[in-house]
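Participant: I need the structure of the sequence given here:
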Amino acid sequence: MYTLRLMSGRLVVMILLGLTAQNIRADQIDLSELSLEQLMDVKVTSASKFEQRASAAPAAVQVISREDIERYGWRTLTEALNSLPGIYSVNDRAYDFLGARGFLIPGDYNTRFLLLIDGQRNNDNIYQQAETGSESWVDMSVVERIEYIPGPGSAIYGSNAMFGVINVITRNAGKTNKSIVSTYISQLGLTGVNAMTSQQIDGTGLVLQYSAERQAGRDLT
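Facilitator: Model prediction:
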């Protein structure tokens, strides 16, 4: 997975081997239509670093599906994570800070959350920051599902996994529309554009996504 920043936008290039991607991604399903028995059979990968049934996972894995993201229109990881029990956030007009179970240390740059993209560590190398707000390079249009494991996970994942582990599973090129272009505008003056395309080349999935947004901010004087 490679990222290039262009002016105020983001260009995200994800190259995934087709067979590997097929093994690590669950089929796209609507979790709201499943019975309790079927929910227990949903496959998760974050609890033990390999795919297993949710009922067999040694942790209470919470899953946010692609259908949830589209239904509620979440634009950032922070907005999606706020829907989970025990998670809340604050914003200092620059970064989003996450709290868990009543614990939130202002200015710690989310160093007590471990952020994974397809199982790969993505806390930055300087501040160990988990970027989950609009400053994050991950656009929600390329997210297939989000797996959250609350509580300490340092025994499996190492440092930063104190309050919880956030694993973002990206979309498979074989399950993504060939080309998508969209724009959006909010009441607070936020405008943006998003474009995404995908291709399958000799068993390799290629997803290209670019997004840019602009907001002047509110006058607080």
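
Participant: what separates Gly203 from Ile169, distance-wise?
Facilitator: From Gly203 over to Ile169 the distance is 20 Å, taken as C-beta to C-beta, to the nearest Å. Yep, even glycine has a C-beta here, placed from its N, CA and C like the rest.

Participant: Between those two, which has more neighbouring residues?
Facilitator: Shown here are Gly203 and Ile169; by other C-beta atoms under 10 Å, Ile169 has more neighbours (23 against 10).

Participant: Name the strands paired with the helix or strand hosting that one and say parallel or antiparallel.
Facilitator: Assigned by DSSP states H and E, Ile169 belongs to strand 164-170. Sheet pairing of strand 164-170 (DSSP bridges) gives strand 113-117 (parallel), strand 143-150 (antiparallel).

Participant: right, so of those strands, which gets closest to Val90?
Facilitator: Smallest distance to Val90 across those (C-beta to C-beta): 13.8 Å, for strand 113-117.

Participant: Pull the CA coordinates from the closest one and hand them back as PDB.
Facilitator: Extracted C-alpha coordinates of strand 113-117, given in PDB (Å, rounded to 0.1, in the frame of the first residue of the first chain):
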ATOM      1  CA  PHE A 113      -4.500   3.000  20.300                       C
ATOM      2  CA  LEU A 114      -2.800   0.800  17.700                       C
ATOM      3  CA  LEU A 115      -4.000   1.500  14.200                       C
ATOM      4  CA  LEU A 116      -3.600  -1.300  11.600                       C
ATOM      5  CA  ILE A 117      -4.300  -1.200   7.900                       C
END
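
Participant: Averaged pLDDT, that strand. What do you get?
Facilitator: Strand 113-117 carries an average pLDDT of 94.

Participant: Tell me the pLDDT of the spatially most central residue of the chain.
Facilitator: Geometric centre of the chain, nearest residue: Val168, 3.9 Å, by C-alpha atoms, centre = their mean. As predicted, Val168 sits at a pLDDT of 95.

Participant: ok, now which ones touch it?
Facilitator: Residues near Val168 by C-beta atoms under 8 Å, 6 or more residues apart in numbering: 77, 115-118, 138, 143, 146.

Participant: if you set the cut-off to 7 Å instead, what comes out?
Facilitator: By C-beta atoms under 7 Å, 6 or more residues apart in numbering, Val168 lies in contact with 77, 116-117, 138, 143, 146.

Participant: How about Leu114?
Facilitator: Shown in contact with Leu114 (C-beta under 7 Å, 6+ apart): 123, 130, 153, 157, 160-161, 165-166.

Participant: Just grab the bridge partners of Tyr88 for me.
Facilitator: On the basis of DSSP bridges, Tyr88 is bridged to Gly99.

Participant: wait, it sits on Gly99?
Facilitator: Yes. Contact criterion C-beta atoms under 7 Å: Tyr88 and Gly99 qualify, at 5.0 Å.

Participant: of those two, who's got more company?
Facilitator: Gly99 (18 against 15).

Participant: next one: stretch 65-76 to chain centre, how far?
Facilitator: Its chain's average C-alpha position is 11 Å from that of stretch 65-76, according to C-alpha atoms, centre = their mean, to the nearest Å.

Participant: I'd like the contacts of Val168 laid out as CSV, including neighbour count and distance to Ile180.
Facilitator: Below are those laid out as CSV (neighbours: other C-beta atoms under 10 Å; distance: C-beta to C-beta, whole Å):
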residue, neighbour count, distance to Ile180
Leu77, 26, 20
Leu116, 21, 25
Ile117, 18, 20
Val138, 21, 17
Val143, 20, 14
Ile146, 24, 20
